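Can you look at this prediction? I've put the sequence above it.
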Amino acid sequence: MTYQTIRFEASNGIARLTLHRPDKLNSFTVAMNAELRAALEVVERDKTIRVLIISGAGRAFCAGQDLADPAMAIGPMQPDIGNVVEQYYKPLVLALQNLRVPTVAMVNGIAAGAGASLALACDLVIAAKSAYFLQAFSKIGLIPDTGGTWFLPQRVGMARALGLAMLADKLPAEKAEQWGLIWQAVDDADLAATVDKLAAQLAAMPTKALVRTRTAMHAAPNHTLEQQLSFEAGFMRELGWSRDFIEGVTAFMEKRAPKFTGD
């Protein structure tokens, strides 16, 4: 596929997806959303890929929905924004949350609205210290979407989530780390190297076990402890029959580094 609004490449088990509308701060359009989902489908099919990095070109990660996109145009008829969310953002977030490989968001600048939620839909978020997160919906009479009302309370608690959403204040990357919204904030000059090192580490790990860990943790709030224990047992049964488990135990017994294949 020829991409117009993103860049996508994969090598050495690492896929790199870059939002590429730098002149528009990588804001979302219907076309970009479609290309993102197409790239995720490639990751889902290509078993050589073991980790996905999502980043933004230029000085932003993603400024959210492009309000100049025809899907958002205000004219004689008001746009059906709910349909935009259902048709484009909901499938995108669900695809990311259920992807067969771990995901890393490399946030180099502003991550606003749907852009912030795109980052939070990834498993790990690494941000430059100059970057910040913004829920600006209240400024235009809307609510956080793309999973924003789900991610924020779970990560930072209800009081902080409501404050971020209602007041539309910028949340600097370092404070986002302190609050537990993201995994790590690093010096701007170290961002790319930090993410590359992390991606290489994840690509060498037992992929299926990492993804099952994600699934189990996401399911936990909807389960009782007894239900979650049984849920864990099901995954342990599956993973206990995997080649990576055999390799991991064998390597441990032989006192060598394991060579996982993701199977």
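Sure thing, it's come through.

Which residue ranges of this protein form strands?
6-11, 14-19, 51-56, 60-62, 103-107, 110-112, 124-128, 132-134, 171-172, 184-186 (DSSP state E).

So which elements touch the third one?
In this case it means strand 51-56. Packed against strand 51-56, as judged by 3 or more C-beta pairs under 8 Å, 6 or more residues apart in numbering; DSSP states H and E, are the following elements: strand 14-19, strand 103-107, helix 114-120, helix 191-203. Where you see a C-beta, it was placed from the backbone N, CA and C, and this is true even at glycine.

follow-up on the earlier one: I'd like to know which of the strands of the chain lies nearest to Thr149.
Closest approach to Thr149 among those (C-beta to C-beta): strand 132-134, 14.6 Å.

who does that closest one pair up with?
strand 110-112 (parallel), strand 171-172 (antiparallel) (DSSP bridges).

quick one, which of those is packed in tightest?
Most buried of these, by mean neighbour count (mean count of other C-beta atoms under 10 Å): strand 110-112, with a mean of 26.

Please tell me how far that one is from the chain's geometric centre.
13 Å (C-alpha atoms, centre = their mean, to the nearest Å).

Can you tell me what sits against it?
25, 59-64, 118-119, 127, 131-136 (C-beta atoms under 8 Å, 6 or more residues apart in numbering).

List the beta-bridge partners for the spatially closest residue to Val195 that is not a sequence neighbour.
Spatial nearest neighbour of Val195, excluding adjacent residues (C-beta to C-beta, 6 or more residues apart in numbering): Met106 at 4.5 Å. On the basis of DSSP bridges, Met106 is bridged to Ser55, Ile126.

which residues does Met106 contact?
53-55, 61, 126-127, 191-192, 195.

pLDDT score for it?
You'll see Met106 listed with a pLDDT of 98.

cool, and the one 5 residues further on?
Ala111 is assigned 98 on the pLDDT scale.

in this structure, which helix or strand is least confident?
When the helices and strands of the chain are compared on mean pLDDT, DSSP states H and E, helix 81-84 comes out lowest with a mean of 90.

What lies in contact with it?
30, 65, 71-72, 142.

got any ranges where the stretch 1-150 of the chain has weak pLDDT?
Scanning the stretch 1-150 of the chain for pLDDT under 70 picks out no residues.

Can I get the strands of the chain in a markdown table including distance to Arg256?
Converted to a markdown table, the strands of the chain look like this (distance: least, C-beta to C-beta, whole Å):
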| stretch | distance to Arg256 |
| --- | --- |
| strand 6-11 | 26 |
| strand 14-19 | 24 |
| strand 51-56 | 23 |
| strand 60-62 | 39 |
| strand 103-107 | 27 |
| strand 110-112 | 40 |
| strand 124-128 | 27 |
| strand 132-134 | 42 |
| strand 171-172 | 43 |
| strand 184-186 | 29 |
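
Leu36 is nearest to which of those?
Once the strands of the chain are compared by C-beta to C-beta, strand 6-11 is nearest, at 6.3 Å.

I'd assumed Val125 was in contact with Val186.
No - in this structure Val186 lies outside contact range of Val125 using C-beta atoms under 8 Å: 11.3 Å.

So if I had to pick from these two, which one is more boxed in?
Val125 (28 against 19; other C-beta atoms under 10 Å).

surely that one meets Ser117?
No - checked against C-beta under 8 Å, the pair Val125 and Ser117 is beyond contact range at 11.2 Å.

what's the domain layout of this protein?
Segmentation of the chain into domains, based on automatic domain parsing, reads 6-203, 207-253.

Tell me which of those domains is the most buried.
By mean count of other C-beta under 10 Å, the domains of the chain have domain 6-203 as the most buried, with a mean of 19.
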